[in-house]
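Trainee: Prediction below, plus the sequence it came from.
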Amino acid sequence: MIDWSMPAHERAALVTGVGRSPDSEGDVQEALARALWSILVEPGDGDAGLLLGAVGAIEAARLLLEEPVPRRLVEATQGEVADTRAKAAIARWLPRRRHDDLVRALRSAQRVGATLVVPGDLDWPASLDDLGPHAPVALWVRGDPALLRRDGIAVVGARAATGYGEHVAMELAAGLVQRDLAVVSGGAYGIDGMAHRAALASSGDTVAVLAGGVDRFYPTGHDGLLTRIAQQGAVVAEAPCGTAPTRWRFLERNRVIAALAGATVVVEAGRRSGALSTARAALKLGRPVGVVPGPVTSAASAGCHAFLREQHAECVTSAAEAAALLPSTRAAVLEELDAVEVGAGSSHWDPDGLRTRVLDALRPRREQSVDELARAVGESAARIRSALGALALDDRAEARDRGWVRRAAPVG
């Protein structure tokens, strides 16, 4: 066991405060060791991953706390981390080996109601194990940790999105949750934010992966959105509470988005967009990647077009095609696509005209419930909610106290 310089009851209280049930001293030690390593390392530290994989989190923490010499790291990993790398690893870990930082991170997590999820937990997403030694050592989650194991698709793209890109992201996200798939993204401005909003508006599940701690939502302009995601979905980070987002952490965050999702769809991306790093990470993991084409004159889609030319990616033009990227849903969606015949003048993004039918059924003054609209349109309540969410985002429908009403078409 490790001497954490605190009484056993205080250790147990810290662990309990982050949503864990300390059934034994071993469980407490494991949670504390994982929390410590999330503080010691930057995201994606492969040397730490090799050490934890070789001896486990508790023994790895003991090594660093009691005998932090490169020779021990080389021995523990049976030479996988060689002498030069071991020296560099120890040198970058030691400055963060502070007891107060561990206590502060755990108490900050407790204040915001965050849960610590570690490998071996029921809620740990096995898909992250595909990252090998570069997998997160732990996850800090605000919201429902079970959503991390949901079948989902990442919808990512440019922060400086165009109206076209935001509209496509909205349609994709609403269509995916309609098919009972979670929407995974990074909580950023532009495409990410629109994907999250559409999923929430359609009463679906969404997961936001942050580059900093879950106690300080970033970007600050999305504080309200991320708060809603924490209440209705899940906000997750591998960095502990108190950690600020940095450029490196944003890039490493993208590999977690790619690993959590069964497939990744890029909606808009310039040639140097960070969203393309998520797509590359997905391909490296063997995950399917879809890319939405844009106007050939749009710089915001130049990266998408280059990716389609140069990488193994599929052209995606609808939510159904995005859902078909997942092996688990591909057969059913392809059958659905075969059955759809798009008539002249119908919307490419709404092949069955569902939103048009819901809009026709809505009244400008009389409030109607979802069940009323389902009877009027002849569709399930789940699909009606999805359509209403999309119409609300387009300012064509509004939820009131006793139901929904139609809004006048936006001017211009």
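Mentor: Right, received. Where do you want to start?
Trainee: make it CA atoms for all contacts and neighbour counts henceforth
Mentor: Fine.
Trainee: where does residue 234 fall, phi/psi-wise?
Mentor: In this entry, residue 234 is assigned phi and psi values of phi -150, psi 140 (degrees, to the nearest 10).
Trainee: nearest spatial neighbour of it, skipping sequence neighbours?
Mentor: Counting by CA to CA, 6 or more residues apart in numbering, residue 234 lies nearest to residue 143, which is 4.3 Å off, once chain neighbours are set aside.
Trainee: since we're on the one you found, how many residues are nearby?
Mentor: By the criterion of other CA atoms under 10 Å, residue 143 has 21 neighbours.
Trainee: I'd like the distance between it and residue 92.
Mentor: Shown here: residue 143 relative to residue 92, a distance of 32 Å by CA to CA, to the nearest Å.
Trainee: So residue 281 belongs to a strand, correct?
Mentor: No. When DSSP: H, G, I helix; E, B strand; the rest coil is applied, residue 281 is found to be helix, with no strand at that position.
Trainee: Can you name the residues that contact it?
Mentor: For residue 281, the set of contacting residues under the criterion of CA atoms under 8 Å, 6 or more residues apart in numbering consists of 254-255, 258-259.
Trainee: Okay, it and residue 147: tell me how far apart.
Mentor: Distance, residue 281 to residue 147, by CA to CA: 21 Å.
Trainee: Residue 157 now?
Mentor: Taking CA to CA as the measure, residue 157 and residue 147 are separated by 22 Å.
Trainee: what do you get for residue 156?
Mentor: Applying CA to CA, the value for residue 156 to residue 147 is 18 Å.
Trainee: So for these two, which residue has more residues nearby?
Mentor: Taking residue 156 and residue 147 together and counting by other CA under 10 Å, residue 156 has the greater number of neighbours (34 against 19).
Trainee: which residues does that one form a beta bridge with?
Mentor: Using DSSP bridges, the bridge partners assigned to residue 156 are residue 266.
Trainee: pLDDT score for it?
Mentor: For residue 156, the pLDDT comes out at 98.
Trainee: do the same with residue 116
Mentor: 97.
Trainee: now do residue 387
Mentor: Confidence at residue 387, expressed as pLDDT, is 82.
Trainee: residues near residue 305, how many?
Mentor: Counted with other CA under 10 Å, residues neighbouring residue 305 total 22.
Trainee: The one 10 residues further on now?
Mentor: Using other CA under 10 Å, the number of residues around residue 315 comes to 17.
Trainee: any idea how the chain splits into domains?
Mentor: Structurally, the chain divides into domains by automatic domain parsing as follows: 8-108, 141-331, 353-406.
Trainee: and residue 364, what is it in contact with?
Mentor: Residues in contact with residue 364, defined by CA under 8 Å, 6+ apart, are 405-408.
Trainee: er, residue 31 I mean
Mentor: With contacts defined as CA under 8 Å, 6+ apart, residue 31 is in contact with 15, 116, 118.
Trainee: taking the residues you listed one by one, which sit in strands?
Mentor: residue 116 (DSSP state E).
Trainee: Counting neighbours, which of the contacts of residue 31 comes out on top?
Mentor: The most crowded member of the contacts of residue 31 is residue 116, carrying 29 neighbours; neighbours defined as other CA under 10 Å.
Trainee: gap between that residue and residue 255?
Mentor: Per CA to CA, residue 116 is found 20 Å from residue 255.
Trainee: and if you look at residue 197?
Mentor: Residue 197 sits 22 Å away from residue 255 when distances are taken as CA to CA.
Trainee: just residue 287 next, same as before
Mentor: Using CA to CA, one obtains 11 Å as the distance from residue 287 to residue 255.
Trainee: one step back: a markdown table for the contacts of residue 281, including distance to residue 225 and neighbour count?
Mentor: A markdown table is the format used below for these (distance: CA to CA, whole Å; neighbours: other CA atoms under 10 Å):
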| residue | distance to residue 225 | neighbour count |
| --- | --- | --- |
| 254 | 20 | 26 |
| 255 | 22 | 24 |
| 258 | 22 | 33 |
| 259 | 23 | 26 |
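Trainee: Mind putting those residues into CSV with pLDDT, secondary structure and distance to residue 306?
Mentor: Below are these laid out as CSV (pLDDT from 0 to 100; DSSP: H, G, I helix; E, B strand; the rest coil; distance: CA to CA, whole Å):
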residue, pLDDT, secondary structure, distance to residue 306
254, 97, helix, 19
255, 97, helix, 20
258, 97, helix, 19
259, 98, helix, 23
